[in-house]
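Quick one: sequence and predicted model below, then my questions.
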Amino acid sequence: ARLIVQGRIKGEIDGYTVLYIFRELGYPIRLPTRIVVKRKGETKSITEYLKEKLKEEED
């Protein structure tokens, strides 16, 4: 915030830039990440998708 007030940063800062700044300052920031599979109009977590695929292969 101080850099914005001082005029050293102008305009908006996106999330990637904020994350980069925190990491450069040594803060161990972690973001929650999810992997999803979209097929046939459905969205499933990767866990759910893989369980269904393994079950199909067993049958």
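Sure, I can see it.

Now the residue sitting nearest the centre point of the chain: which helix or strand?
Among the residues of the chain, the one closest to the centroid is Thr33, at 4.6 Å (CA atoms, centre = their mean). Using DSSP states H and E, Thr33 sits within no helix or strand.

pLDDT wise, what is it at?
What the model reports for Thr33 is a pLDDT of 91.

Let me see the contact set for it.
Under the criterion of CB atoms under 8 Å, 6 or more residues apart in numbering, Thr33 has no neighbours. The C-beta positions use only the backbone N, C-alpha and C, and glycine is treated the same way.

So what does it look like in phi/psi?
Main-chain dihedrals, Thr33, degrees, to the nearest 10: phi -130, psi 140.

Lys53 versus that one, what's the distance?
Here the criterion is CB to CB, to the nearest Å. By it, Thr33 lies 21 Å from Lys53.

cool, Val37 as well?
10 Å.

what does Leu25 give?
Leu25 is 42 Å from Lys53, by CB to CB.

swap in Val36?
Note on Val36: its distance to Lys53, by CB to CB, is 15 Å.

Show me which positions of the helix or strand Leu50 falls within end up buried.
Secondary structure assigned from DSSP H and E places Leu50 in helix 46-58. In terms of neighbour count (16 or more other CB atoms under 10 Å), helix 46-58 has its buried residues at Tyr49.

and Arg8, that's in a strand?
No. Counting by DSSP: H, G, I helix; E, B strand; the rest coil, Arg8 is not found in a strand; it is coil.
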